[in-house]
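Engineer: Below: sequence and its predicted model.
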Amino acid sequence: MYQSNPQAAFQTFLSARISREGWFQDSRELAPELPVSARELLGMILLAYRNNHLDRSRSWTVGYDPDASEPNDGFVSNDQQRIDLEHKLIAYQDERDIIEGIIGTYDRYAANGLAYGQHRTLIIHANKQSPHLERISDLHQHIREGCPFDRVLLISLIAEIENDDICHFQISEHFPELHNRQVDLSLRTGEGINPYCAEQ
């Protein structure tokens with residue numbers, strides 16, 4: 001089983017890849033001990049930093065357990081709990097409106113029911129911007145009750161500051177609550193900070 005703090009995982013597996021064009025949509029596995037894509041590892045790293053901020057600790061790690069049930073896209077963990085993950089992508093080539101794509105992606109995998117989603121967090125990666133950011137809460141309104149996943153998160157890039165090599169990511173929780181969290185990630189060091197956590 002692979003397990004690492006988020007900064008070390010970034011330095012080992014992502015620091016050399018993020019300069020390559022198309023890395024975010026590349027679904028190839030990173031390594032035999034960590035058979036997830038670079039995008040999926042990025043989601044794990046951002047979630048670990050978010051959780052470190054929420055419980056005021058540095059105890060959250062990222063990892064992969066080959067014995068975990070499928071779908072198996074890695075996990076984040078601390079000493080008390082482990083969150084198993086399922087990652088899905090809204091590609092920039094997707095011709096749908098981004099909100100329609102997000103809701104359609106949720107519906108497709110939620111239709112698999114509890115056997116698929118129970119004890120698992122669904123992360124939807126949006127590699128496409130929306131001209132209707134005020135509609136971002138549509139997914140929360142759409143889910144309401146009966147969600148088979150423990151949690152549904154949307155991760156999107158807000159901005160990239162080239163001179164500082166900092167990427168600002170938004171992590172929006174749409175189920176069970178509606179929260180926005182921001183993680184600023186250094187592309188040089190892999191260090192992440194949370195400038196704010198805002199409830200909607």
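Structural biologist: Cool, got the structure.
Engineer: and His87, what helix or strand is that in?
Structural biologist: Assigned by DSSP states H and E, His87 belongs to strand 82-90.
Engineer: what's the distance between the residue nearest the centre of the chain and Ile103?
Structural biologist: Nearest residue to the geometric centre of the chain (Cα atoms, centre = their mean): Gly43, 3.2 Å. Computed as Cβ to Cβ, to the nearest Å, the Gly43 to Ile103 distance reads 19 Å. From N, CA and C alone the C-beta is placed, and that goes for glycine too.
Engineer: Likewise for Asn72?
Structural biologist: Asn72 is 25 Å from Ile103, by Cβ to Cβ.
Engineer: for the residue nearest to the centre of the chain, what are its contacts?
Structural biologist: Shown in contact with Gly43 (Cβ atoms under 8 Å, 6 or more residues apart in numbering): 85, 87, 123, 125, 155.
Engineer: Tabulate the residues you listed (CSV), appending neighbour count, distance to Asp97 and pLDDT.
Structural biologist: Shown next, in CSV, are those (neighbours: other Cβ atoms under 10 Å; distance: Cβ to Cβ, whole Å; pLDDT from 0 to 100):
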residue, neighbour count, distance to Asp97, pLDDT
Leu85, 24, 26, 98
His87, 23, 21, 97
Ile123, 25, 20, 97
His125, 24, 17, 93
Ile155, 22, 18, 93
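Engineer: Using a markdown table, lay out these together with distance to Pro6.
Structural biologist: Shown next, in a markdown table, are those (distance: Cβ to Cβ, whole Å):
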| residue | distance to Pro6 |
| --- | --- |
| Leu85 | 14 |
| His87 | 16 |
| Ile123 | 15 |
| His125 | 17 |
| Ile155 | 14 |
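Engineer: which one of those sits closest to Ser19?
Structural biologist: Proximity of those to Ser19 (Cβ to Cβ) peaks at His125, which lies at 19.0 Å.
Engineer: Let me know the pLDDT of the closest residue to the closest one other than its chain neighbours.
Structural biologist: Leaving aside its chain neighbours, His125 sits nearest to Leu89 (4.9 Å; criterion: Cβ to Cβ, 6 or more residues apart in numbering). On pLDDT, Leu89 comes in at 92.
Engineer: which residues in the chain form helices?
Structural biologist: Ranges of helices within the chain are 6-9, 38-54, 98-110, 114-117, 138-143, based on DSSP state H.
Engineer: Now mean pLDDT and distance to Ala159 too, for those, in TSV please.
Structural biologist: Formatted as TSV, the helices of the chain follow (pLDDT from 0 to 100; distance: least, Cβ to Cβ, whole Å):
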stretch	mean pLDDT	distance to Ala159
helix 6-9	97	21
helix 38-54	94	15
helix 98-110	91	17
helix 114-117	94	32
helix 138-143	86	22
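Engineer: what's near enough to touch Gln3?
Structural biologist: Counting by Cβ under 8 Å, 6+ apart, Gln3 has contacts 61-63, 77.
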